[in-house]
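1. Kindly generate the corresponding structure for this input.
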Amino acid sequence: MTTSQSIAAGPTGRVVVVTGAARGIGRAIAERFVADGDRVATIYRGGELPKGVEAYVADVTDSAAVDAAFTAIEADMGRVEVLVANAGVTKDQLLMRMSDEEFQSVIDVNLTGTFRCVRRASKGMIRARKGRIVLVGSIVGTLGGAGQVNYASSKAALVGMARSITRELGSRGITANVIAPGYVETDMTAALSEEVRKTYLKNIPAARFASVDEIASVVSFVASDAAGYISGALIPVDGGLGMGH
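-> Sure, this is the predicted structure:
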């Protein structure tokens, strides 16, 4: 299979970049694309990767490093057909105690870092007149979260980014969507106390946290031909937590 094949559901051998694929949701997304038969690369800062994922070390806060990583991916694997911008950080703090650095550093990774990757990946997509851009947001971007002014702001802004990309590049066969996970079973949520978990679960109609595979399945669909007429959408994967938002 070659990278010249059209975007389609199932094994196609597309070149897919998933940022931050060493753990959690990003890891599950990368594993899903590998299972689908795609050729997967990650831009990340380090860590053990799933089998079949090619590593390109770069910091998404550095434009030159991002450009160099994409150039290397294109040289090694071919034109990038799917970008999943997943890399993100949290630095939770109450509003009155949040420093400029705590706010700006989260914005620079989660929002500006996403912009850097989208800008670079879109070059090849525009030339080929096809592509899939999937931004990993969060239910916090719509519901808000105490102590998460920085994180919520960064994730809410991804919706405006995806919709602007859709208006700008939609006629060229490129889609851009935001996936908004709710609470997901990860190492971070596993460390929550039983009391905190019960509080969260009480507000989720599905009465459980998502698995990382459930998030990955939605990303896989949005990146497929079957979702070719979905663009500029905010797609919640939250068990009903954010209904109406």
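2. chain center to stretch 152-170: distance?
-> 12 Å (Cα atoms, centre = their mean, to the nearest Å).
3. and what of stretch 111-127?
-> Computed by Cα atoms, centre = their mean, the chain-centroid distance of stretch 111-127 equals 13 Å.
4. Tell me which stretches of this protein form helices.
-> Secondary structure of the chain by DSSP state H: the helices cover 24-35, 63-77, 100-107, 113-128, 140-143, 149-169, 187-190, 194-202, 212-222.
5. Would you mind giving those as JSON lines with mean neighbour count and distance to Gly244 added?
-> (C-beta placed from N, C-alpha, C; glycine too.) Listed next are the helices of the chain as JSON lines, based on neighbours: other Cβ atoms under 10 Å; distance: least, Cβ to Cβ, whole Å:
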{"stretch": "helix 24-35", "mean neighbour count": "24", "distance to Gly244": "24"}
{"stretch": "helix 63-77", "mean neighbour count": "17", "distance to Gly244": "36"}
{"stretch": "helix 100-107", "mean neighbour count": "15", "distance to Gly244": "26"}
{"stretch": "helix 113-128", "mean neighbour count": "20", "distance to Gly244": "26"}
{"stretch": "helix 140-143", "mean neighbour count": "20", "distance to Gly244": "9"}
{"stretch": "helix 149-169", "mean neighbour count": "20", "distance to Gly244": "16"}
{"stretch": "helix 187-190", "mean neighbour count": "11", "distance to Gly244": "24"}
{"stretch": "helix 194-202", "mean neighbour count": "11", "distance to Gly244": "18"}
{"stretch": "helix 212-222", "mean neighbour count": "21", "distance to Gly244": "20"}
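6. JSON lines for these, including distance to Val178 and mean pLDDT?
-> As requested, the helices of the chain are exported to JSON lines (distance: least, Cβ to Cβ, whole Å; pLDDT from 0 to 100):
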{"stretch": "helix 24-35", "distance to Val178": "14", "mean pLDDT": "97"}
{"stretch": "helix 63-77", "distance to Val178": "20", "mean pLDDT": "98"}
{"stretch": "helix 100-107", "distance to Val178": "16", "mean pLDDT": "98"}
{"stretch": "helix 113-128", "distance to Val178": "10", "mean pLDDT": "98"}
{"stretch": "helix 140-143", "distance to Val178": "8", "mean pLDDT": "95"}
{"stretch": "helix 149-169", "distance to Val178": "5", "mean pLDDT": "98"}
{"stretch": "helix 187-190", "distance to Val178": "21", "mean pLDDT": "76"}
{"stretch": "helix 194-202", "distance to Val178": "22", "mean pLDDT": "89"}
{"stretch": "helix 212-222", "distance to Val178": "9", "mean pLDDT": "98"}
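7. any chance of these in TSV, plus distance to Gly239?
-> Putting these into TSV (distance: least, Cβ to Cβ, whole Å) gives the following:
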stretch	distance to Gly239
helix 24-35	15
helix 63-77	34
helix 100-107	25
helix 113-128	25
helix 140-143	13
helix 149-169	18
helix 187-190	13
helix 194-202	9
helix 212-222	9
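8. The ones you listed: which one's closest to Asp92?
-> Proximity to Asp92 (Cβ to Cβ) singles out helix 149-169 among these, at 7.0 Å.
9. Run the chain-centre distance for the top strand by length along the chain.
-> Determined from DSSP state E, the single longest strand within the chain is strand 174-181. Here strand 174-181 is found 8 Å from its chain centre; the criterion is Cα atoms, centre = their mean.
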